[in-house]
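Trainee: how does the following fold in three dimensions:
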Amino acid sequence: MKRDADSGTPASSRLALVIGVVVLGVYLAHVMLFWRQINDDAFITFRYSKFLALGRGPYFNVGEHVEGYTNPLLMFAMSALLAAFGDARVLAMAKVIGVVAGGASLIFTWFLCRSWLRTVSAVAPAASTLAWFGPALVATQAAFALNSTTGLETTLFSAGIMLSLALGQFADDTNRWHGAGAVFALVVFTRPEGAAVFGLILVGRLLGGAGRSPAARRFWLLDAGIGVLAVIALLSWRFAAYDGRLLPNTYYAKLGGMTSWSTAFHYVMGLVGRHLAWVGWVPVPLALVFASRDLRRAIVPASCVAAFGVLAIFLTGPDWMPGFRLLVPYLPLWGALSTLGLVLLATRVGARPLGLGATLLLAMIVGLFAWQHPARASYRNDLVTRARGYREGHFGLASWLHDRARAGETAALMDIGIVGFRCIDLNILDLTGLTDRTIATSPGGFLKKRYPLSYVLNRRPEFIIVVYTGPEDIPADRPVSLVPWTEIERRLVADPTFSGLYVHVRAADPGAGLLEQLAAHYGVARVFRHAYPGRSYFLFAYERGP
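Mentor: This is a model prediction of the structure:
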C-alpha cells in the first residue's frame, strides 16, 4: 500500500505527543468516575484464580471440574497476583489491569489509525496528530470507561484485538513480520469469541491482499499457524482440565437466555442511541465508500471484526450488565474507522481537508461527550448505589457465612462471586448453573433452568440464599410482600420440602428493625439488604434445621 510518511518534524512530533497525553489523561479522568463500582461476576474468576494459587486446581469447588468463567488469560494472571500479593487488593488489581489494558487499546488504535492516514496524501504530513482523534472518540465514551473498572476482561480483549490488527498492518507496511500471531494466541485465551476474531482478521487480511506476494503469504501463514496452535492448546487444556468439555460451562448455562432478535436489536440500538447520538455510526461506512482501493483493502480486517462484534449479539444474545459489555471491545475499531471516514470526507469536499477533517472530528468528540451526559450520570449513580449494596449485602452475607459455616459445608445461591471468594472453604452450589454442569445443561434459558429441585435439596446444603425483591420504599414498621427474583428461586421457595427444612417462622422481637422483622416473618436465619436502583433487593439466608 503506497504511503506518504508524515513530516516527522520536532514540532509535529511534540504536538502529537501532547495530544496523546491529553487523550490518555481524559480517559483516566473518565475512568475515575466509575472506579468505585463492584461487580460480583468478577469474583467468580477470582475464586478460580485463588483455587489455582492454593494448589487446588482451576476449579470453583473441590472435585468439580467445571469451567464457569470465560477468561482464561485473566484467570491465570489473577492467580499469579493473588499468590504474590494476597486477597486484600484483588479487585483493585483487576481494575488496574483493566485500566492499563484500556489505555493500551487507545495507543494501539492510534498506531492503526496513523498507518491508514499516512496513505492519504492530503493529510499524510499530519497523520500522527490526526490519528489521536480515533482514541479520543473512545476515551470520551462512558461505556468504555465504565467497562475498564469492572474487574473483567473487556478492555484486555479490546487491547488484544487492536494490537493484532496494528501488527498485521505493520507487517504489510514494512514487509516484515511483527508478531501478530503471538497476539492472536493471547486473544484466543482472553474471551470465547477470541478464536472467531482471530479467524476473521486472517480472512480480512487475505481479502485485503495478504497473498499477493511471497513475503506477505509467509507472514499470513506464520500468524495463522501460531493462532491455530493457540486454539488447539486452549481446547486441549480445556478437554484435560474440565472432563472432556470443549466449551466453557457458561455457554450451556446461558444458552437460550437472551438470544431473541428483538432483545439483540434493542441492545445494539441501546448503545447507538445512548452513546453514539444515533448518527455516530455514519462515519464508519464513509471510510469504505471514500477509501482508495488499496486503503479499502487495508481496512477490511478491521471492518470484518467490527461487523462481527455487532452480529455476534444476534447469535449469542446480549448480557444484563450496564455499559454494553459485549460491544465495548469493538469501540476502538469504531473510533479508528470513524476518524478515517471523516478525514476522507474532508478530502472530498474541503479546499483545506486537514483543517476541515480536524474540525469535523473535534465537533464529533465534543458532541458525543455532551450527548452521553445523562448516561454518564445514570451509570455513576447506579454504580455507586450498587457498590454500597454489595458492601452491605453480599460482603455482609459473605462475612456472616465465613463466621458461621464450617469448612466443607454447602451454600446454594445465585450471586456466587463475592460469597465464593470470601468463603473459600465453603462448597458453592450455583442455582443459575454457571459453575454447575447439571443445572447448566438442563432445559430452559439462563435464570429459567427447569431442573428437578431434588437436585438441590438432595445435596442438603446447610444454607440456601434466595434473592427477594420489592418496592423501593418499604415501611420500617411492618414486613411487606416480597417476591423471589428469578423463576428458579420462586420454584424453590414454593416447594414443601424446602419449607419443611429451611423455613422457621417466629415472632419478631419488640422494636426490631425491618431486616429482623423480615427474617422472623419469612422464617429466615438472616436477611441482608442490597441497595439497588429503583427497587428493594434482599438476600434471604435460609439455614437448614435439624
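
Trainee: middle-most residue in this structure, spatially?
Mentor: T154 (3.7 Å; C-alpha atoms, centre = their mean).

Trainee: correct me, but that residue touches R325?
Mentor: Yes. Here T154 lies in contact with R325, judged by C-beta atoms under 8 Å, at a distance of 5.5 Å. No exception for glycine: its C-beta is placed from N, CA and C like everyone else's.

Trainee: between these two, which contacts overlap?
Mentor: Residues touching both T154 and R325 (C-beta atoms under 8 Å, 6 or more residues apart in numbering): N147.

Trainee: how many neighbouring residues does the residue nearest to L345 when sequence neighbours are not counted have?
Mentor: Leaving aside its chain neighbours, L345 sits nearest to L286 (5.4 Å; criterion: C-beta to C-beta, 6 or more residues apart in numbering). For L286, the neighbour count with other C-beta atoms under 10 Å is 18.

Trainee: and L286, helix, strand or coil?
Mentor: helix (DSSP: H, G, I helix; E, B strand; the rest coil).

Trainee: and it, what pLDDT?
Mentor: pLDDT recorded at L286 is 94.

Trainee: just P443 next, same as before
Mentor: pLDDT, P443: 91.

Trainee: and it, what element?
Mentor: P443 is part of no helix or strand when elements are defined by DSSP states H and E.

Trainee: assign the closest residue to it other than its chain neighbours to helix, strand or coil.
Mentor: Excluding its sequence neighbours, the residue lying closest to P443 (C-beta to C-beta, 6+ apart) is R450, at 5.0 Å. Under three-state DSSP, R450 falls in the coil class.

Trainee: enumerate every residue touching R450.
Mentor: For R450, the contacting residues are S442, P443, G444, by C-beta under 8 Å, 6+ apart.

Trainee: quick one, phi/psi of the closest residue in space to the first one that isn't next to it in sequence?
Mentor: In this structure, S442 finds its nearest non-sequential neighbour in Y451, 3.8 Å apart by C-beta to C-beta, 6+ apart. Reported as degrees, to the nearest 10, the phi and psi values for Y451 are phi -110, psi 160.

Trainee: now for Y451, how many residues are close by?
Mentor: By other C-beta under 10 Å, 19 other residues sit near Y451.

Trainee: mind giving me the domain ranges of this protein?
Mentor: Per automatic domain parsing, the domain ranges recorded for the chain read 10-249+257-371, 385-543.

Trainee: right, and those domains - which one's nearest Y379?
Mentor: domain 10-249+257-371 (5.5 Å; C-beta to C-beta).

Trainee: one step back: and the residue nearest to P443, its phi and psi?
Mentor: According to degrees, to the nearest 10, R450 has phi -100, psi 80.

Trainee: and the strands in the protein?
Mentor: Ranges of strands in the chain, per DSSP state E, are 410-413, 427-430, 463-470, 483-484, 526-532, 535-543.

Trainee: so for F308, which of the ones you listed sits nearest?
Mentor: Once these are compared by C-beta to C-beta, strand 427-430 is nearest, at 29.9 Å.

Trainee: which elements pack onto the closest one?
Mentor: Strand 427-430 sits against strand 410-413, with contacts defined as 3 or more C-beta pairs under 8 Å, 6 or more residues apart in numbering; DSSP states H and E.

Trainee: who touches the strand it packs on?
Mentor: 401, 405, 419, 423, 426-431, 456, 459-466.

Trainee: and those residues, which are buried?
Mentor: Neighbour counting with 16 or more other C-beta atoms under 10 Å marks 401, 405, 419, 423, 426-431, 456, 461-466 as buried within the contacts of strand 410-413.

Trainee: so R526 is in contact with A541, correct?
Mentor: Yes. Contact between R526 and A541 holds when scored by C-beta under 8 Å: they sit 4.5 Å apart.

Trainee: show me the contacts for F421.
Mentor: F43, F46, R47, K50, D87, V90, A398.

Trainee: out of these, who's nearest H30?
Mentor: V90 (23.7 Å).

Trainee: so the closest one touches R47, yeah?
Mentor: No. Here V90 does not reach R47: they are 10.1 Å apart, not a contact under C-beta under 8 Å.

Trainee: these two: who's more crowded?
Mentor: Legend: neighbour count by other C-beta under 10 Å for V90 and R47, higher for R47 (26 against 21).

Trainee: state the pLDDT value of the more buried one.
Mentor: For R47, the pLDDT comes out at 98.

Trainee: for it, give me its contacts.
Mentor: Under the criterion of C-beta under 8 Å, 6+ apart, the contact list for R47 reads F60, G417, G420, F421, I424, I428.

Trainee: 7 Å - rerun?
Mentor: Counting by C-beta atoms under 7 Å, 6 or more residues apart in numbering, R47 touches F60, G420, F421.

Trainee: of all those, which comes closest to S12?
Mentor: F421 (49.6 Å).

Trainee: that closest one and Y69, how far apart?
Mentor: 12 Å (C-beta to C-beta, to the nearest Å).

Trainee: ok, now R296?
Mentor: 39 Å.

Trainee: list only buried entries from the contacts of F421.
Mentor: So, by 16+ other C-beta under 10 Å, the buried ones in the contacts of F421 are F43, F46, R47, K50, V90, A398.

Trainee: just for this structure, where's the confidence low?
Mentor: For the chain, the stretches with pLDDT under 70 are 1-11, 211, 256-259, 476-479.

Trainee: dump the domains of the chain to CSV, plus distance to Y379.
Mentor: Converted to CSV, the domains of the chain look like this (distance: least, C-beta to C-beta, whole Å):
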stretch, distance to Y379
domain 10-249+257-371, 5
domain 385-543, 10
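
Trainee: what's the most buried one of the ones you listed?
Mentor: Among the domains of the chain, ranked by average contacts under mean count of other C-beta atoms under 10 Å, first place goes to domain 10-249+257-371 (a mean of 20).

Trainee: quick one: that one to chain centroid distance?
Mentor: Centre-to-centre, domain 10-249+257-371 and its host chain are 11 Å apart (C-alpha atoms, centre = their mean, to the nearest Å).

Trainee: just give the closest residue to G151, not the sequence neighbours.
Mentor: For G151, ignoring the flanking residues on the chain, the nearest one in space by C-beta to C-beta, 6+ apart is A42 at 3.3 Å.

Trainee: list residues touching both of R526 and A541?
Mentor: Residues touching both R526 and A541 (C-beta under 7 Å, 6+ apart) are W400.

Trainee: quick one: A312 from T45, how far?
Mentor: Applying C-beta to C-beta to A312 and T45 gives a distance of 21 Å.

Trainee: now do L453
Mentor: From L453 across to T45, the span is 29 Å (C-beta to C-beta).

Trainee: so I464 sits against Y542, correct?
Mentor: Yes. Between I464 and Y542 a contact is recorded at 4.6 Å, counting by C-beta atoms under 7 Å.

Trainee: overlap in contacts of these two?
Mentor: Joint contacts of I464 and Y542 (C-beta under 7 Å, 6+ apart) are Y502.
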